[in-house]
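Q: sequence and predicted model, in that order:
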Amino acid sequence: MTDGRPLDLSVVVPAYNEERRLGPTLDAIRDHLHSSPLTWELIVVDDGSDDATADIAREAAAQDARIRLVAAEQNRGKGHALRLGVADSRGARVLLTDADLATPVAELDRLTKELDGAQAAAAIGSRAHPEADIAVHQSRVREWLGRMGNRLIRAVAVPGIHDTQCGFKLFDGDKARAAFADARLDGWGIDVEILQYFRRHGWPVAEVPVRWSHQEGSKVGPADYGRVLLELVRLKARAASRTNVVLLALFLLTSVLLYKNLWTDLGRGYLADSGQDQNQWEWFFAVTADNVAHLRDPLFTTLQNYPDGVNLMGNTPMLGLSVPLAPATLTLGPTVTWALVLTLGLTATAYAWFRLFAKWVTREPWAAGLGGAFAAFAPPMISHANAHPNFCVLFMIPLILDRVLRLCAPAADVRRDGVLLGLFTAYQIFLGEEVLLLASLGILLFALSYALARRDVVRTAWRPLAQGVGVALLVCLPLVAYPLTWQFFGTQSYHSVLHGDGAGNSPLSFLRFSGRALLGDESVADKLALNRTEQNAFYGWPLIALAFAITVRLWRHALVKALACTAVAAAVLSLGQKIRIPYTDVVLPGPWRALAHRPLFESVIEGRVAMICAPALGALVAVAVGRLMASAARVNRFVGLAAVAVALLPIVPTSLPVNQRAPVPEFLADGLWRTYVKPGESVVTVPVPDPAAADALHWQVKAGLGFPLPGGYFNGPWGPDHIGIYGASPRWTSNLLRDVRYGAPIPDIGESWRAQARADLAYWKAGVVVLPPQDNEDALYETVSRLLGRQGRRVGGVWVWDVGR
């Protein structure tokens, strides 16, 4: 109050070391407001300046009672200064302006007009508006950083606002005081926090084009852009509800318990059901980190399959994670990276599904959380969690689905959502392409099912969706063009990894429990799956019965129809090209036959299509539990939730078992190999590593990747047609050593065998042949000695034959 009358306007100017500019700024504001009929006050907030800023403000206040100084005890940032100034304000409206007056105070008239006419709660100056007048530009670097920052802010905090950081904003006074009282950020991110508060409370915000000129002496330095990003992280964390935080903690706890045996023995622990995959994945992480550290091509290496090498883009190194985690790998080792990717990846996947379901499936967060947990920790996901992070770390798939669903809305922001869809898709390609293909198939099945149930939606959704997908392609394709070209046409590229016609699921596998489920039986599950990392169904008969009951009860809902049809279609496709009817000799042709030999699909293990059922069933459970929790009938709620518990408890995953790794042979671990191997030569281990025995990859990593290996565990070409196979193209010597290792008798080794061995060793550019301790070691020793015509030497716990140049 001033003379008993309410103030019309409060002007708040935050100032830190502004002794050169503050005086002229105060004069300009005062002169502009002097001719206005408004009653006003001008509040200068000194943010702990160590120059004469506060003295200038006091002098101005002494000359005009409408000017006041609010002084902070120490410098804490623009956000803290604005919070103090707005809290001390009394105006019906509050104008915030920077001390440099980059936006002239005369632009207040534009903001006032917009606030009066648009019934908005805030009018903010915008430099990004097409009608904005930028008289003096910032440097190109600053402008580029500003544009990138605004795009990030729009994506994660305040969609639709194109310039959050212009320091000229007019607010409704009461709403501004409420927003700033709730604010917590002290730095430049305060603008985003306030606008987010307005959005959260449904208070309209209008962007107004303004005149703006860059002023020398800006207090925003390059490091401040990073600080804003950190404040955005704080904003997102603060915006998360307590329920969200609790669910995230529960997802993390579940992941930790799943891998607790691995975490408690990172030095020697090896996931028992992973086959040779843990060796392979740790090698991928180690090689990627080494490539990053030495600025080498991350898409190719000759450390495996020497000298031909490995097309890494044609394999599964998950460059989207292995590259950013390279510092962790180099510092802590690839086993820690392996454990981190699995544990945090499953956690992030569960949380991403929860957020998707909470937005599109049910308003009940705990129901969405249960659905998200199922989608991430369903039996097929746990099976792959033993060995295939590219098939269980799926946090990008819900984000992609969310953007697709947003594009189906009539008022979709086609440009923004299309760009994000393109970026998300490009990133997923660097996490796992087969998963993206299966997700696309699942989206198509769902879209067709929903279209049949809601044809009216199709008529309004197809146009923005098509436009958004077009934008996504324009964004995605340039980003992945070179890597995909290298994958399909570069060195060691291949096509058509064939798995035969027996890779489909048995119908019985949908009704049984997986080997690692709470009520699972390994002996039963093993008979119905390719191996323990490919138990792609195993949802259990109680859950199948529950899903059927939910579908029948809620069939009138289009979402339920679409989810049920998607799950059924995916399950049938996963049965493969030939469907064997259990307990009979009847074999029927399966619908997968139509896709089996199509490009891209020809390399898919069709049983994995059943993984599409996991999010579909998770969403069905979320719908049902959400309705039960909202039901007023206690009996119905209790009986329904009990039925859900009975269906889910049998498939709750148990902790994955771990075996102890054998010690790395001293000859390799202690660097004794260096005496025998010259630059350009390889270490030939006996037998040559292949997908069934890849311990040599672990030894190579422990030896600092100091030598290449022939053979290995990867996908590569075979034959003139470049058919994809697992491992290196076979050679006579590698086949012989493998056969003897697994019990075959030693053949009569004559000159032809020895000549072939010399040729193979020359091809591999071998420096030394190493026979480590293993089963059938004596037979292998005899075989190698005959092939090379001399006995080996015992060095560092292994047999050694020096065969170098």
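A: Done, it's in.
Q: what about Trp799, which SS state?
A: Assigned with DSSP: H, G, I helix; E, B strand; the rest coil, Trp799 falls in the strand class.
Q: please apply the same query to Val768.
A: Under three-state DSSP, Val768 falls in the strand class.
Q: cool, the one 5 residues further on as well?
A: Taking three-state DSSP as the rule, one finds Pro773 in the coil state.
Q: correct me if wrong: it contacts Trp799.
A: No - here Pro773 lies out of contact with Trp799, judged by CB atoms under 8 Å, at a distance of 9.1 Å. No exception for glycine: its C-beta is placed from N, CA and C like everyone else's.
Q: neighbour count: the two, which is higher?
A: Remark: of Pro773 and Trp799, Trp799 carries more neighbours, 21 against 11, as counted by other CB atoms under 10 Å.
Q: test my guess that that one contacts Val770.
A: Yes - at 7.3 Å, Trp799 counts as touching Val770 under the criterion of CB under 8 Å.
Q: I'd say Trp360 and Leu405 touch.
A: Yes - with contact defined as CB under 8 Å, Trp360 reaches Leu405; the gap is 5.8 Å.
Q: which residues are in contact with both of these two?
A: By CB atoms under 8 Å, 6 or more residues apart in numbering, Trp360 and Leu405 have no common neighbours.
Q: tell me the contacts of Ala451?
A: Counting by CB under 8 Å, 6+ apart, Ala451 touches Val457, Val458.
Q: okay, it: pLDDT?
A: On pLDDT, Ala451 comes in at 95.
Q: so where's this protein uncertain?
A: 1-5, 138-157, 217-229, 236-240, 805 (pLDDT under 70).
Q: now the nearest residue to Trp753 once chain neighbours are set aside: which helix or strand?
A: Distance criterion CB to CB, 6 or more residues apart in numbering; nearest residue to Trp753, sequence neighbours excluded, is Leu787 at 6.3 Å. In the assignment (DSSP states H and E), Leu787 maps to helix 777-788.
Q: same for that helix, what does it pack against?
A: Judged by 3 or more CB pairs under 8 Å, 6 or more residues apart in numbering; DSSP states H and E, the packing partners of helix 777-788 are helix 732-741, helix 751-763, strand 766-771, strand 798-802.
Q: now do the longest one: distance to the chain's middle.
A: The one in question is helix 751-763. Offset of helix 751-763 from its chain centre (CA atoms, centre = their mean, to the nearest Å): 48 Å.
Q: check which helices and strands that helix sits against.
A: Going by 3+ CB pairs under 8 Å, 6+ apart, helix 751-763 lies up against helix 732-741, helix 777-788.
Q: wait, which of these is closest to Pro650?
A: helix 732-741 (40.2 Å; CB to CB).
Q: how about that closest one: buried residues?
A: When burial is assessed from 16 or more other CB atoms under 10 Å, helix 732-741 yields the following buried residues: Thr733, Ser734, Leu736, Leu737, Arg738, Val740, Arg741.
Q: which one of the residues you listed sits closest to Arg627?
A: Among the buried residues of helix 732-741, Arg738 lies closest to Arg627 (CB to CB), at 57.5 Å.
Q: list phi and psi for the closest residue to the closest one other than its chain neighbours.
A: Closest residue in space to Arg738, ignoring its immediate chain neighbours: Pro687 at 4.8 Å, by CB to CB, 6+ apart. Backbone torsions for Pro687, taken as degrees, to the nearest 10, come to phi -70, psi 170.
Q: Pro687 touches Arg741, doesn't it?
A: Yes - counting by CB under 8 Å, Arg741 is a contact partner of Pro687 at 4.7 Å.
Q: between these two, which contacts overlap?
A: Ala693, Leu780.
Q: residues touching the residue nearest to Trp753, list them.
A: Residues counted as contacts of Leu787 (CB under 8 Å, 6+ apart) are Thr733, Leu736, Ile749, Trp753, Arg754, Ala757.
Q: redo that, cut-off 10 Å
A: For Leu787, the contacting residues are 733, 736-737, 749, 753-758, 760-761, 769, 801, by CB atoms under 10 Å, 6 or more residues apart in numbering.
Q: repeat that for Glu114.
A: Shown in contact with Glu114 (CB under 10 Å, 6+ apart): Ala120, Ala122, Ala123, Ile124, Leu170, Ala206, Glu207, Val208, Pro209.
Q: ranges for the strands of the stretch 201-350 of the chain?
A: Assigned by DSSP state E, counting those that start in this stretch, the strands in the stretch 201-350 of the chain fall at 205-209, 211-213, 269-271, 300-301, 310-311.
Q: strands paired with the third one, and their directions?
A: Neighbouring strands of strand 269-271 in its sheet, by DSSP bridges, are strand 658-660 (antiparallel).
Q: next secondary structure after the partner strand?
A: Downstream of strand 658-660, the first helix or strand assigned by DSSP H and E is helix 666-669.
Q: the host helix or strand of Leu617 packs against which elements?
A: Taking DSSP H and E as the criterion, Leu617 maps to helix 613-630. Helix 613-630 is packed against helix 334-360, helix 365-377, helix 379-384, helix 396-407, helix 433-453, helix 541-553, helix 558-573, helix 634-648, with contacts defined by 3 or more CB pairs under 10 Å, 6 or more residues apart in numbering; DSSP states H and E.
Q: if you set the cut-off to 8 Å instead, what comes out?
A: helix 334-360, helix 365-377, helix 379-384, helix 433-453, helix 541-553, helix 558-573, helix 634-648.
Q: now Ser509, what are its backbone angles?
A: Main-chain dihedrals, Ser509, degrees, to the nearest 10: phi -70, psi -20.
Q: got it, and Ala135?
A: When read as degrees, to the nearest 10, the backbone of Ala135 gives phi -80, psi -40.
Q: from what I see, it and Gln215 are in contact.
A: No - checked against CB under 8 Å, the pair Ala135 and Gln215 is beyond contact range at 10.8 Å.
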